[in-house]
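Asker: Pasting the sequence and the predicted coordinates here, then a few questions.
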Amino acid sequence: MSGAVPFWRAAGMTYITYSNICANMVRNALKEPFKSEALSREKVHFSFTKYLNGKPEKPSIRSSDAPQ
Amino acid sequence: MFRRATTLLRRPLNAAASRRFSTDLAAEPAADTSFVEAWKKASPNIDPPKTPLSYLKPRPPTPSTLPTKLTVNFVLPYSSELSSKEVDMVIVPATTGQMGVLPGHVATIAELKPGVLSVHEGNDVTKYFVSSGFAFIHANSVADVIAVEAVPLDRIDANLVQKGLQDFTQKLNSATTDLEKAEAQIGVDVHSALNSALTG
């Protein structure tokens, strides 16, 4: 490379973001049985619990595929 | 505080320059000998615990003659596609262009762009589409290819590729922020790479 900054880097993207976007586009271009399999493999669920005054509140679940 | 300053200054200046590449490093001993001795004293009847390092095979030394086969490891986050497979040649899609790797290739690290990774084995050619990743080529004719997503070419849907290419070309024209533009540009790049992989 000639030392030039890639365009995504110039836009403030990190390499991880860039490679994840690339991987996601490839997954979305697959034929059917493989596409849903590849997409389901990437799903992540987070359970958040906020602590107020030392007491845990009801946990909320956030999924990577659902809007936040 | 500056007690070691004179010793540090006396170091040869080219110490950093003469440092060997990490790919040439000798393999680490699998276990810390002083720890193993201390463990033997404390519990002579129980084997010392194994660390991930002790399960690793030591790196094969760089042979003096050129080997006829290239050993390839190709791994994804969720599976190991090729594990120490001996092949004739791999062609990796490096950011600097398609890079053919034959046995005895000089040690390098290459960043991969979306493109076709082809594994040549006699007359058989296996082609994968890799999204992005890295290829580590070691001096001992071992190549490690690491990708985020890789699929055999026949699993790609040509219609979705055409549709994606149109969508992202449109998005590139209508994008306003730098981030949107970059994302659309990545979309165009990935889908053109997919398209050229499918058409030949």
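Answerer: Looks like it came in fine.
Asker: Which residues of chain A lie near chain B?
Answerer: By the rule C-beta under 8 Å from any C-beta of the partner chain, the part of chain A lying against chain B is A:1, A:7-8, A:10-13, A:18-32, A:34-35, A:38, A:41. Using the backbone N, CA and C atoms, a C-beta is placed for each residue, glycine as well.
Asker: Pull out the buried members of those.
Answerer: The neighbour-count criterion (16 or more other C-beta atoms under 10 Å in any protein chain shown) marks A:8, A:11, A:13, A:18-30, A:34-35, A:38 among the residues of chain A next to chain B as buried.
Asker: Tell me who's in contact with the residue of chain A most remote from its centre.
Answerer: No residue in chain A has its C-alpha farther from the mean C-alpha position than A:Asn53, which lies at 31.7 Å (C-alpha atoms, centre = their mean). By C-beta atoms under 8 Å, 6 or more residues apart in numbering or on different chains, no residues touch A:Asn53.
Asker: for stretch B:176-188, what is the average pLDDT?
Answerer: What stretch B:176-188 shows for mean pLDDT is 89.
Asker: brain fart, stretch B:80-95
Answerer: The predicted model assigns stretch B:80-95 a mean pLDDT of 90.
Asker: Show me what the biggest helix by length in chain A is packed up against.
Answerer: For chain A, the helix that runs over the most residues, judged by DSSP state H, is helix A:15-28. Counting contacts by 3 or more C-beta pairs under 8 Å, 6 or more residues apart in numbering or on different chains; DSSP states H and E, helix A:15-28 packs against helix A:7-10, helix A:32-41, helix B:158-174, helix B:178-199.
Asker: which residues touch the first one?
Answerer: Translated: helix A:7-10. Applying C-beta under 8 Å, 6+ apart, the contact partners of helix A:7-10 are A:15, A:17-18, B:178, B:182, B:185-186.
Asker: So among these, which ones count as buried?
Answerer: Listed as buried from those are A:17-18, B:182, B:185-186; burial here means 16+ other C-beta under 10 Å.
Asker: What are the boundaries of the strands in chain B?
Answerer: Using DSSP state E, the strands found in chain B span residues B:70-75, B:80-87, B:89-94, B:97-101, B:108-112, B:115-121, B:124-130, B:133-137, B:142-147, B:150-152.
Asker: could the ones you listed go into a markdown table alongside distance to chain A and mean neighbour count?
Answerer: Converted to a markdown table, the strands of chain B look like this (distance: least, C-beta to the nearest C-beta, whole Å; neighbours: other C-beta atoms under 10 Å in any protein chain shown):
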| stretch | distance to chain A | mean neighbour count |
| --- | --- | --- |
| strand B:70-75 | 14 | 21 |
| strand B:80-87 | 14 | 15 |
| strand B:89-94 | 10 | 22 |
| strand B:97-101 | 11 | 14 |
| strand B:108-112 | 8 | 18 |
| strand B:115-121 | 11 | 20 |
| strand B:124-130 | 6 | 18 |
| strand B:133-137 | 7 | 20 |
| strand B:142-147 | 8 | 22 |
| strand B:150-152 | 6 | 19 |
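Asker: right, and those - which one's nearest B:Thr33?
Answerer: Smallest distance to B:Thr33 across the strands of chain B (C-beta to C-beta): 27.4 Å, for strand B:142-147.
Asker: average model confidence for the closest one?
Answerer: What strand B:142-147 shows for mean pLDDT is 92.
Asker: For it, name the packing helices and strands.
Answerer: The contact analysis (3+ C-beta pairs under 8 Å, 6+ apart) places strand B:142-147 against strand B:70-75, strand B:89-94, strand B:133-137.
Asker: where in the chain is pLDDT low?
Answerer: All of this is about chain A. For chain A, the stretches flagged by pLDDT under 70 are A:1-4, A:65-68.
Asker: my bad, chain B
Answerer: Short version for chain B, where the test is pLDDT under 70: B:1-30.
Asker: Tell me the bridge partners for B:Lys127.
Answerer: Judged by DSSP bridges, the bridge partners of B:Lys127 are B:Ser118.
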